[in-house]
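A.B. asks: mind folding the following:
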Amino acid sequence: MQGMTRRIVLAAPPVGAPTEATFRLEEAPLPPLADGYVLTRTLFCSADPGTRSRLSAGASYARPLKSGEMIDSFCIGAVLESADPRFSPGDIVALGGGWAEHVVFPGRGYIQKIPHRRLPLSYWIGVLGVPGMTAWFGLTRVARLKDGERVLVTSAAGPVGATAGQIAKAMGAAKVVGVAGGGEKCAWLEAAGFDAGIDYKVQANLTDALKAASPDGYDVLFDNVGNAMIDAALPLMRRGGRIVVSGQVADYNTPPELLSGLPNTRYFIASRLQMEGLVVFDDVAAFPEAQAQLGALIEKGAVKAREVRYRGLESAPRAFIDLFEDAAAFGRRIIEVGDES
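C.D. replies: So this is what the prediction gives:
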């Protein structure tokens with residue numbers, strides 16, 4: 001199928017926080033469908049905070065985008081044409097794509113057929129997609145969570161953090177404490193099963209507040225925020241504690257020379273701590289089994305998900321900017337691009 005599609009590209013790398021001028025909407029031709037390629041019509045795409053690390057030069061697990069390149073994201077798409085025997089027209093897939101009305105999967109990378117429709121399709125790029133899988137494998141592979149342990153989750157009202165805390169409770173954690181910004185977020189965490197929600201914005205001393213929430217300390221820190229948050233928790237980590245570095249939402253827009261350090265590193269020695277970064281694509285082969293287990297938890301109500309919906313491809317930049325500017329809304333940012341029917 002030859003033709004044109006609309007997409008959003010990087011207009012200019014941002015300095016600090018992204019703005020509308022960072023992005024540009026354009027028309028582009030669809031490439032020919034080579035062997036192994038799949039053409040999809042986008043139903044939903046996502047706005048991901050980790051994308052910020054690709055908009056400027058710097059340390060990231062993926063190369064920086066160049067001006068004029070499409071903004072990448074996760075998508076739910078309906079297959080229109082396929083040169084890959086695994087997929088047929090009409091299949092619904094989750095894939096690594098971008099902000100575009102059509103996506104051509106180039107034969108390698110992340111793509112999977114949606115196995116059932118018992119849950120909303122958008123969940124497959126949210127609680128059952130990379131955010132949910134990040135929570136799952138961060139706890140199971142990296143943190144090696146054990147029954148009865150105490151868990152601290154930061155940015156806990158976000159898609160990764162909220163899922164991680166609920167999974168930890170379902171796996172038998174004795175206590176799960178979440179850190180979030182705002183009373184509404186903290187109230188939602190407690191309604192979702194967290195033992196306590198700590199509003200970091202109103203704490204004179206965050207370390208003291210975290211200690212009050214779990215006087216015996218923490219075995220696992222699942223961090224999505226950055227160095228300042230990790231440093232505040234280090235004095236409270238129990239012997240043999242594990243720190244999962246999942247994201248750095250507070251640091252993505254901070255110039256390197258202004259980033260916080262980790263003054264409390266002495267606790268790594270005294271408490272025999274381990275800290276490990278997580279890139280969930282290391283676990284992609286195990287996604288189906290994990291999705292089946294997590295899906296069962298969702299279906300029985302043990303794990304809840306929140307979404308913030310935006311309508312139309314043109315809204316994708318605003319959805320992304322709101323990740324850093326709209327402190328009141330929380331949940332997975334989903335852009336409704338095409339008609340699901």
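A.B. asks: wait, a strand at Phe320?
C.D. replies: No: under DSSP: H, G, I helix; E, B strand; the rest coil, Phe320 falls outside any strand and is assigned helix.
A.B. asks: now do the same for the one residue sitting closest to the centre of the chain: helix, strand or coil?
C.D. replies: With distances taken as Cα atoms, centre = their mean, the residue of the chain nearest its centroid is Pro131 (3.8 Å). For Pro131, the assignment made with three-state DSSP gives helix.
A.B. asks: quick one: contacts for it?
C.D. replies: 158-160, 163, 332 (Cβ atoms under 8 Å, 6 or more residues apart in numbering). The C-beta positions use only the backbone N, C-alpha and C, and glycine is treated the same way.
A.B. asks: please apply the same query to Leu139.
C.D. replies: Leu139 is in contact with 145, 151, 164, 167-168, 171, 220, 222, 244, counting by Cβ under 8 Å, 6+ apart.
A.B. asks: quick one, helices of this protein?
C.D. replies: 130-137, 159-170, 183-191, 206-213, 227-233, 266-270, 287-299, 316-325 (DSSP state H).
A.B. asks: would you turn those into TSV with mean pLDDT?
C.D. replies: Shown next, in TSV, are the helices of the chain (pLDDT from 0 to 100):
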stretch	mean pLDDT
helix 130-137	97
helix 159-170	98
helix 183-191	96
helix 206-213	98
helix 227-233	96
helix 266-270	97
helix 287-299	98
helix 316-325	94
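A.B. asks: to Leu65, which of those helices lies closest?
C.D. replies: The closest of the helices of the chain to Leu65 is helix 316-325. By Cβ to Cβ, the value is 12.8 Å.
A.B. asks: could you check the pLDDT of Val127?
C.D. replies: Val127 carries a pLDDT value of 98.
A.B. asks: if we ignore the residues flanking it in sequence, what's nearest it?
C.D. replies: Nearest-residue entry for Val127: Ala305, 4.1 Å, with adjacent residues in sequence omitted and distances by Cβ to Cβ, 6 or more residues apart in numbering.
A.B. asks: and if you look at Glu340?
C.D. replies: In this structure, Glu340 finds its nearest non-sequential neighbour in Leu43, 5.4 Å apart by Cβ to Cβ, 6+ apart.
A.B. asks: so that neighbour touches Val79, yeah?
C.D. replies: No: in this structure, Leu43 is not within contact of Val79 by Cβ atoms under 8 Å, at 11.2 Å.
A.B. asks: just checking, Asp72 touches Leu65?
C.D. replies: Yes: between Asp72 and Leu65 a contact is recorded at 7.5 Å, counting by Cβ under 8 Å.
A.B. asks: now for Leu43 and Val79: what residues contact both?
C.D. replies: With Cβ under 8 Å, 6+ apart, Leu43 and Val79 have common neighbours Ile92.
A.B. asks: and Gly226, what are its phi and psi?
C.D. replies: As for Gly226, its main-chain torsions (degrees, to the nearest 10) stand at phi 150, psi -170.
A.B. asks: I'd say it and Leu258 touch.
C.D. replies: No: using Cβ under 8 Å, Gly226 is not in contact with Leu258, being 11.5 Å away.
A.B. asks: who has more neighbours, these two?
C.D. replies: Between Gly226 and Leu258, counted using other Cβ atoms under 10 Å, the more crowded position is Gly226 (20 against 7).
A.B. asks: ok, that one - contacts?
C.D. replies: 248-251, 259-260.
A.B. asks: still on that earlier bit, pLDDT value on the residue nearest to Glu340, please?
C.D. replies: Reading off the model, Leu43 has pLDDT 98.
A.B. asks: ok, back up a step: for the residue nearest to Val127, list the residues it contacts.
C.D. replies: Counted by Cβ under 8 Å, 6+ apart, Ala305 has contacts 123, 126-127, 159, 162-163, 298, 331-332.
A.B. asks: likewise for Asp199?
C.D. replies: 180-183, 185-186.
A.B. asks: so which of those residues comes closest to Pro317?
C.D. replies: Ranked by distance to Pro317 (Cβ to Cβ), the contacts of Asp199 are led by Gly181 at 22.6 Å.
A.B. asks: tell me which residues touch the closest one, please.
C.D. replies: Gly181 touches 157, 199-201, 327, counting by Cβ under 8 Å, 6+ apart.
A.B. asks: name the nearest residue to it, sequence neighbours excluded.
C.D. replies: Of all residues beyond its chain neighbours, the one nearest Gly181 is Lys201 (5.1 Å), with distances taken as Cβ to Cβ, 6+ apart.
A.B. asks: neighbours of the nearest residue to Pro115 once chain neighbours are set aside, how many?
C.D. replies: Closest residue to Pro115 apart from its sequence neighbours, by Cβ to Cβ, 6+ apart: Pro288 at 7.5 Å. Neighbourhood size, Pro288 [other Cβ under 10 Å]: 11.
A.B. asks: can you select the buried ones from the contacts of Asp199 in ChimeraX?
C.D. replies: Only the buried entries of these go into this ChimeraX selection, using 16 or more other Cβ atoms under 10 Å:
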select :180,181,182,185,186
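A.B. asks: low-confidence stretches in the protein?
C.D. replies: In the predicted model of the chain, residues 1-2, 58-61 satisfy pLDDT under 70.
A.B. asks: report the buried residues of stretch 129-137.
C.D. replies: Of the residues in stretch 129-137, 129-137 count as buried by neighbour count, 16+ other Cβ under 10 Å.
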